[in-house]
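>>> Need a 3D model of the sequence below.
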Amino acid sequence: MSPFFVMSLLFGLIFGQTASLCAPSEYTIHVEKRECAYCLAINTTICAGFCMTRDSNGKKLLLKSALSQNVCTYKEMQYRTALIPGCPHHTIPYYSYPVAVSCKCGKCNTDYSDCVRERVRTNYCTKPQKFCNL
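Okay, here's the model as predicted:
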């Protein structure tokens, strides 16, 4: 291997994460329950952005740990609870949602993240909207 290739490879592995643009980003969640009169639009933050990944074309030369496909995911998050207006007394009118405090590039954890991009957008209201700014 040429010294230029080795230096380029080391530089990419060491400084690759500094070029990542993964950060909390504003996002609106639309929440509604069949029994309730309104749809609640909640302004929150999610993790979004670009993370450096490594092409697996050189997989014979690198360790498996160097071939990770990183995603922008939660480093620290909090849960908040909102009250959905217009619900009858027999319905639980609360909705808990995550708020991204900080983000990181790492492996996708399906315990708290959706690791597959949806093709169909379902984040909309079918009922009159109320807004929740927390």
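>>> quick one: least confident helix or strand in this protein?
Within the chain, no helix or strand scores below helix 3-15, which has a mean of 51 by mean pLDDT, DSSP states H and E.
>>> Give me the residues contacting the next helix or strand after that one.
Where DSSP states H and E defines the elements, the next helix or strand beyond helix 3-15 is strand 21-32. For strand 21-32, contacts defined as Cβ atoms under 8 Å, 6 or more residues apart in numbering pick out 38-51, 72-73, 82, 84, 95, 97, 100-105, 123-127, 129. Where you see a C-beta, it was placed from the backbone N, CA and C, and this is true even at glycine.
>>> mind running it again at 7 Å?
With contact meaning Cβ atoms under 7 Å, 6 or more residues apart in numbering, strand 21-32 is reached by 39-51, 72, 84, 95, 97, 100, 102-105, 123-127.
>>> among those residues, which ones are buried?
39-42, 44-47, 51, 72, 84, 95, 97, 100, 103-105 (16 or more other Cβ atoms under 10 Å).
>>> Which of these fall in strands?
39-42, 44-47, 72, 95, 97, 100, 103-105 (DSSP state E).
>>> In the sheet, which residues pair with Lys104? Tell me.
Beta bridges link Lys104 to Thr73 when assigned by DSSP bridges.
>>> ok, it - contacts?
So Lys104 contacts Cys22, Thr73, Lys75 (Cβ under 7 Å, 6+ apart).
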